[in-house]
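Peer 1: here is the input, now give the coordinates:
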Amino acid sequence: MNINDMLSDDAMLINFESTSKKHILNKLCELAEKKIKINSRNLLESITKREKLGSTAVGNGVAIPHANVSNTDKPYVFVATLVNGLDFNATDDQPVDIIFLLVASDNDDSEHLQALALISRILRNKELTAKLRGCKSKEAALAVISHSIREAA
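Peer 2: Prediction:
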């Protein structure tokens, strides 16, 4: 499994100004609807339900909301970097300014878990997250992620 297979520059919101957790999750769900033709309201409902079980903020200003949906052929990742961090109820009490939304098929739990583990490993790299925070374009963010993956391999 490779992050580059799940991500593209048309699946990113870079230096996005968001007013709340709900606002950015809604925007990412709308992006998912355009890219993979799923209902954004249903996706947002699934993500919100998951967030109620416990925050998907993993620390260091990073969150990985995720949901399983029908009618997807593979996992997809949607990325947002925010101008200002938002409260995601992180365990380290830090505001979140990098969000990787994972959308995976409800037919394959192992694929969802593999994708989630991969994203978690990638985002533990503080050098990568620092570079992502400095990106001003989708292309630059995709290059930073792709380059970091190649270095780690």
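
Peer 1: where do the strands sit along this protein?
Peer 2: Counting by DSSP state E, the chain has strands at residues 12-16, 57-59, 62-63, 66-69, 76-86, 96-105.

Peer 1: looking at the ones you listed, which is closest to Lys34?
Peer 2: Nearest of the strands of the chain to Lys34, taken as C-beta to C-beta: strand 76-86 at 10.2 Å. Using the backbone N, CA and C atoms, a C-beta is placed for each residue, glycine as well.

Peer 1: got the strands of the chain as a markdown table, with distance to Leu128 columns?
Peer 2: Converted to a markdown table, the strands of the chain look like this (distance: least, C-beta to C-beta, whole Å):
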| stretch | distance to Leu128 |
| --- | --- |
| strand 12-16 | 15 |
| strand 57-59 | 14 |
| strand 62-63 | 10 |
| strand 66-69 | 19 |
| strand 76-86 | 12 |
| strand 96-105 | 9 |
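
Peer 1: check contacts around Met30.
Peer 2: Not Met; residue 30 is Glu. By C-beta atoms under 8 Å, 6 or more residues apart in numbering, the contact set of Glu30 is Ser40.

Peer 1: hmm, back to that, need the strands of the chain in CSV (columns: mean pLDDT).
Peer 2: What follows is the strands of the chain, written out as CSV (pLDDT from 0 to 100):
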stretch, mean pLDDT
strand 12-16, 97
strand 57-59, 93
strand 62-63, 97
strand 66-69, 91
strand 76-86, 96
strand 96-105, 95
